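Visitor: From the sequence below, what's the structure:
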Amino acid sequence: MLVEFSVENYRSFQERQTLSMVASEDEAMLSSNSFPMPKTKDLHLLTSAVIYGANASGKSNLLRAMQTLQKIVVSSASRMQMGDKFDVEPFLFDAESQKQPTGLEVIFIDNQIRYEYGLSLDEQRVYEEWLLAYPKGRTQTWFSRAYNPENPEFKEDDGYEWSFGTGLKGEKERIKKFVRYNSLFLSHAAQNNHPQLTEVFQWFRKNLNIITPDFSSDYTAHRCQEDEDFCQKVVNLLIQADIGISDINIKMEMHSYLSLPDKIKTEIKNMKEVLQSTIPKFSAENFHLIEIGIKSLHKMIDSEKVVPLDMADESEGTKRLFELAGHWLNVLQDGDFLIIDELDRSLHPILSTALARMFNNPDINKNQAQLIFTTHDTSLLDGEIFRPDQIWFTEKDKSMTKLYSLHEFKPCEDESLQKGYLKGRYGAIPFVGGLNI
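Guide: Alright, predicted model coming up:
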């Protein structure tokens, strides 16, 4: 469960901005669009949030910051080497900000425990890393590290001041020795099977699902191949979407290296070094190519027979929906967290609305899954779909992205949110005086 995410000095974000999933005191749709925060009496967490803003206002940068944090946590110990750089870029339109590190912080709940994890880093080095936990409702600092090379007590090859709290059990000092200036203690702890910190690491690796506009995945096809019940749920979703599909047929064929065309063999050999960097025991001779064939089945209009079509021949919207379906249903099933940039890409507004409503329906969202997405589809600006605290905006102010909620405007109950937004009442729209050549 996500509580809040904060970003500072990252791309278009100069000042610290925070996206909060904590519900306001507004009682409207509280039982459907939120759920009680564990171990608290009064606080609720929102099931979903939608982000609006003009092009280049910073919507995607916010989600990219979340993805950056996830990638660094997951890969810093296992994939990064000495000298590798982090994929972070500070705010470039201010000379002082260019010299300062980026700040990323997330508060989340996993297995009934609230955590606060944060980083301060630039592309070269981690300057700070910390983890707070609330296993019994009170703050425990499990670990922290801060870089200060000017302290004469620090070793030349270290430069970090470390602190470990009594709440963090198990090995710490031995794992600390593995940590580089460009890696995370959390990542190395998980790599060394530290019981408490591996659980935190797994939240980033498994519970955080991020889908970008250029996303293309065989995940749905693989899940359908492995699980017939899950596949039937995907089929039901496609049928309900009214896109003409009555069923799907998926076949996977494995081709050995020796059976591949010479051109593909050559490409595999050329990629050998790259593949070995992530798969140490990789060898071309042991390589197998899995070919996935996806057919959508359509009923004929004059009989009960079906006509199979390659999924590649379907519309972009149909392919998009099929690719999303597996992730969508899996997140709802497991109670995970889904982030999606440009939900409305290639999808009809009614379909986008139906997908978003699934997270706000307690009969469907039984495991407290959460959704955050960006969109330009103003038909979703509807007080019968979202509470004001679920609607967020990004707007540029002197090249800086500002993030704020509709809740700050306190809209009237019968107010047309869509009309108000398009008229500029809430900001976050492009002010175009007309285009000409």
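Visitor: mind checking the SS state of L186?
Guide: helix (DSSP: H, G, I helix; E, B strand; the rest coil).
Visitor: Pull the contacting residues for it.
Guide: Residues near L186 by CB atoms under 8 Å, 6 or more residues apart in numbering: 73, 117, 129, 131, 197, 200-201. Every residue, glycine included, has its C-beta placed from N, CA and C.
Visitor: can you tell me how far it sits from F178?
Guide: 12 Å (CB to CB, to the nearest Å).
Visitor: One more: D87?
Guide: 22 Å.
Visitor: Point me to the residue sitting farthest from the middle of this protein.
Guide: Centroid-distance maximum for the chain: D302 at 44.9 Å, with CA atoms, centre = their mean.
Visitor: Now do the phi/psi pair for it.
Guide: Dihedral pair for D302: phi -110, psi 10, per degrees, to the nearest 10.
Visitor: And the pLDDT at it?
Guide: Note for D302: predicted pLDDT of 92.
Visitor: Only alpha carbons, please: show stretch 335-342 as CSV.
Guide: Only the C-alpha atoms of stretch 335-342 are listed here, as CSV (Å, rounded to 0.1, in the frame of the first residue of the first chain):
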residue,chain,number,x,y,z
GLY,A,335,-3.6,-6.3,-3.7
ASP,A,336,-0.5,-4.7,-5.4
PHE,A,337,0.2,-1.2,-6.6
LEU,A,338,-0.2,-0.2,-10.3
ILE,A,339,1.3,2.9,-11.9
ILE,A,340,0.4,3.6,-15.6
ASP,A,341,1.4,6.5,-17.7
GLU,A,342,-1.2,7.6,-20.3
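Visitor: quick one: average pLDDT of that stretch?
Guide: On average, the pLDDT along stretch 335-342 is 95.
Visitor: Mind listing what's buried along it?
Guide: Of all the residues in stretch 335-342, those buried under the rule 16 or more other CB atoms under 10 Å are 336-342.
Visitor: and which of these is nearest to S379?
Guide: E342 (15.0 Å; CB to CB).
Visitor: wait, the closest one sits on P213?
Guide: Yes. E342 is within contact range of P213, at 4.7 Å (criterion: CB atoms under 8 Å).
Visitor: now the helices: where do they sit in the protein?
Guide: In the chain, the helices defined using DSSP state H lie at 30-33, 59-75, 95-99, 173-176, 185-191, 195-202, 219-226, 228-240, 262-270, 272-278, 316-334, 349-359, 417-422.
Visitor: from those, which stretch is densest packed?
Guide: Counting by mean count of other CB atoms under 10 Å, helix 185-191 has the highest mean neighbour count of these, with a mean of 24.
Visitor: For P349, which residues are in contact?
Guide: Taking CB under 8 Å, 6+ apart as the test, what P349 contacts is 377, 379-380.
Visitor: Who wins on neighbours among those residues?
Guide: In terms of neighbours by other CB atoms under 10 Å, the contacts of P349 top out with L380 at 22 neighbours.
Visitor: Contact partners for R345?
Guide: Neighbouring residues of R345 by CB under 8 Å, 6+ apart: 213, 320.
Visitor: What pLDDT does the model give it?
Guide: At R345, pLDDT is 90.
Visitor: Could you check how far it is from Q112?
Guide: Here the criterion is CB to CB. By it, R345 lies 36 Å from Q112.
Visitor: sorry, back to before: would you format the buried residues of stretch 335-342 as a markdown table with distance to I243 included?
Guide: Output for the buried residues of stretch 335-342, formatted as a markdown table (distance: CB to CB, whole Å):
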| residue | distance to I243 |
| --- | --- |
| D336 | 26 |
| F337 | 27 |
| L338 | 21 |
| I339 | 25 |
| I340 | 19 |
| D341 | 22 |
| E342 | 19 |
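Visitor: which residues touch the spatially closest residue to P362 that is not a sequence neighbour?
Guide: Distances taken as CB to CB, 6 or more residues apart in numbering place S32 nearest to P362, at 5.8 Å, with adjacent residues excluded. S32 sits next to 47, 360-362 when contact means CB under 8 Å, 6+ apart.
Visitor: roughly how far apart are S32 and L184?
Guide: As judged by CB to CB, S32 and L184 stand 38 Å apart.
Visitor: so where is the stretch 101-250 of the chain shaky, pLDDT-wise?
Guide: Counting by pLDDT under 70, the stretch 101-250 of the chain contains low-confidence ranges at 151-158.
Visitor: Repeat that for the stretch 251-400 of the chain.
Guide: Judged by pLDDT under 70, the stretches of the stretch 251-400 of the chain that qualify are 255-258, 260, 268-269, 271-290.
Visitor: please redo it, this time with the cut-off set to 80
Guide: Along the stretch 251-400 of the chain, segments meeting pLDDT under 80 span 252-291.
Visitor: just to revisit the earlier point, give me the subset of the buried residues of stretch 335-342 that lies in strands.
Guide: 337-340 (DSSP state E).
Visitor: would you list those in a markdown table and tack on distance to D122?
Guide: Compiled in a markdown table, these are given as follows (distance: CB to CB, whole Å):
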| residue | distance to D122 |
| --- | --- |
| F337 | 27 |
| L338 | 29 |
| I339 | 24 |
| I340 | 28 |
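Visitor: out of those residues, which one sits closest to K398?
Guide: Nearest to K398 among those is I339, at 27.4 Å by CB to CB.
Visitor: Would you check how far apart the nearest residue to E291 once chain neighbours are set aside and L309 are?
Guide: Closest residue to E291 apart from its sequence neighbours, by CB to CB, 6+ apart: E253 at 4.7 Å. Applying CB to CB, one obtains 19 Å for the distance of E253 from L309.
Visitor: Name the residue in the two with the higher neighbour count.
Guide: L309 (16 against 9).
Visitor: Now for the more buried one: which residues touch it?
Guide: Counting by CB under 8 Å, 6+ apart, L309 touches 295-298.
Visitor: Pairing partners for it in the sheet, please.
Guide: Here L309 sits in beta bridges with S296, going by DSSP bridges.
Visitor: domain ranges for the protein?
Guide: Domain assignment for the chain by automatic domain parsing gives 1-213+341-437, 218-317.
Visitor: Need the ones you listed in TSV (columns: distance to H327).
Guide: Putting those into TSV (distance: least, CB to CB, whole Å) gives the following:
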stretch	distance to H327
domain 1-213+341-437	6
domain 218-317	6
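Visitor: Please identify the deepest-packed of these.
Guide: Note that of the domains of the chain, domain 1-213+341-437 is the most buried (mean count of other CB under 10 Å), with a mean of 17.
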